[in-house]
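next input, structure requested:
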Amino acid sequence: MKKIFRAVGYVLGLLLIGGLIRLRWITGRGWGVEGIDRHKDLPGDDVILRPHEVLTHAIRIDAPPDEVWPWIVQMGVERAGWYTPRWIDKYLWRVGTISIDRIDPELQSLEVGQRIQDGPKGTADFEVRDVQENRALVLHSRRHPRTGVPPDMSSPDPGPYLDFSWSFVLEEAPGNSTLLLIRTRGAAHVPWLIQRLAWVVWPMLDFAMARWMLLGIKDRAENESAATNMHGRS
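Numbering: from 1, shown residues only. Below is the predicted model:
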């Protein structure tokens, strides 16, 4: 009987490992990239030169790039949020704020070198690496994998950290629409075992986060564009 239970355990373990590898493969291919060259060069590819992971996601938005850009440029904690579901903002990120549903004129300016919060003050944030109006926003972050605190890169041993860039790229698409791409390039400077775990988990988390963000941006931009066009015709 023990041999049977042990054999069943082995089979279930193999099925679990196989399922995780399959899920990792699916999420690693990206969301919304069917028919798109997900390996093409994009702004921000030069920020992380030797990434362990490169992930690209996309969505088509029925609004021109200049109407999508205001939603992109105002993102961030203590800004417009990341356009993720409210329960994510409140309970997972624990930032105490929720993503807004309007364009804020006071948040429409960003400069290279500016910092954007990605969590509670004193923890994770992003540095703005590139701003191309109506075209691209590139963010870069280094943070401890558990606490989110930035490492001391001046130290000979900064400890474990995640190093990654986020590129939000807008391309003109047929029908006066926009193809919005999100690309993550990341390197996990952590012990080997944690790095292997990150290889499995990172694409899944990035897949979910990018999907939430892209759908959130799409809904807001299309609703605003429709309302503007309706007001213009009235």
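
can you map out the helices along the chain?
Along the chain, counting by DSSP state H, helices occupy 2-28, 65-73, 86-87, 192-233.

quick one, what contacts the residue nearest the centre of the chain?
For the chain, residue 210 is the residue whose C-alpha lies nearest the centre (C-alpha atoms, centre = their mean; 4.8 Å). Neighbouring residues of residue 210 by C-beta atoms under 8 Å, 6 or more residues apart in numbering: 30, 31, 55, 57, 182, 184. (Glycine included, C-beta is placed from N, CA and C.)

please redo it, this time with the cut-off set to 10 Å
By C-beta atoms under 10 Å, 6 or more residues apart in numbering, residue 210 lies in contact with 27, 30-32, 55-59, 166, 181-184.

mind putting the residues you listed into TSV with distance to residue 69, pLDDT and neighbour count?
Below are the contacts of residue 210 laid out as TSV (distance: C-beta to C-beta, whole Å; pLDDT from 0 to 100; neighbours: other C-beta atoms under 10 Å):
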residue	distance to residue 69	pLDDT	neighbour count
27	28	67	22
30	22	75	24
31	21	78	20
32	19	83	21
55	22	93	23
56	19	95	24
57	18	95	24
58	16	95	21
59	15	96	19
166	16	96	24
181	14	97	25
182	14	97	24
183	17	96	23
184	20	95	24
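
narrow those residues to those in strands?
55, 56, 57, 58, 59, 166, 181, 182, 183, 184 (DSSP state E).

just the pLDDT at the residue lying closest to the third one once chain neighbours are set aside, thanks.
Here the nearest residue to residue 57 in space, its sequence neighbours aside, is residue 210; by C-beta to C-beta, 6 or more residues apart in numbering that works out to 3.9 Å. At residue 210 the predicted local distance difference test score is 92.

from residue 130, how far out is residue 210?
Counting by C-beta to C-beta, to the nearest Å, the gap from residue 210 to residue 130 is 19 Å.

can you check residue 116 too?
The separation that residue 116 has from residue 130, given C-beta to C-beta, amounts to 13 Å.

ditto for residue 64
21 Å.

tell me the domain ranges of the protein?
Domains of the chain are assigned by automatic domain parsing as 1-28, 47-233.

need those in CSV with distance to residue 37, can you?
Below are those laid out as CSV (distance: least, C-beta to C-beta, whole Å):
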stretch, distance to residue 37
domain 1-28, 16
domain 47-233, 9
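
just those domains: most buried one?
Each of those was scored by mean neighbour count; the highest is domain 47-233, a mean of 17, by mean count of other C-beta atoms under 10 Å.

for the nearest residue to residue 128 once chain neighbours are set aside, which residues are in contact?
Setting aside the residues directly before and after it, residue 128 is nearest to residue 114 in space (C-beta to C-beta, 6+ apart), at 4.6 Å. By C-beta under 10 Å, 6+ apart, the contact set of residue 114 is 76, 126, 127, 128, 131, 139.

measure residue 205 to residue 171 for me?
If you go by C-beta to C-beta, the gap between residue 205 and residue 171 works out to 25 Å.

ah, wrong one, I meant residue 150
For residue 150 relative to residue 171 (C-beta to C-beta), the value is 32 Å.

again, but for residue 104
25 Å.

where's residue 149 relative to residue 118, distance?
From residue 149 to residue 118 the distance is 12 Å (C-beta to C-beta).

again, but for residue 53
18 Å.

need the overlap of contacts for residue 116 and residue 130.
The contact sets of residue 116 and residue 130 overlap at 110, 137, 139 (C-beta under 10 Å, 6+ apart).
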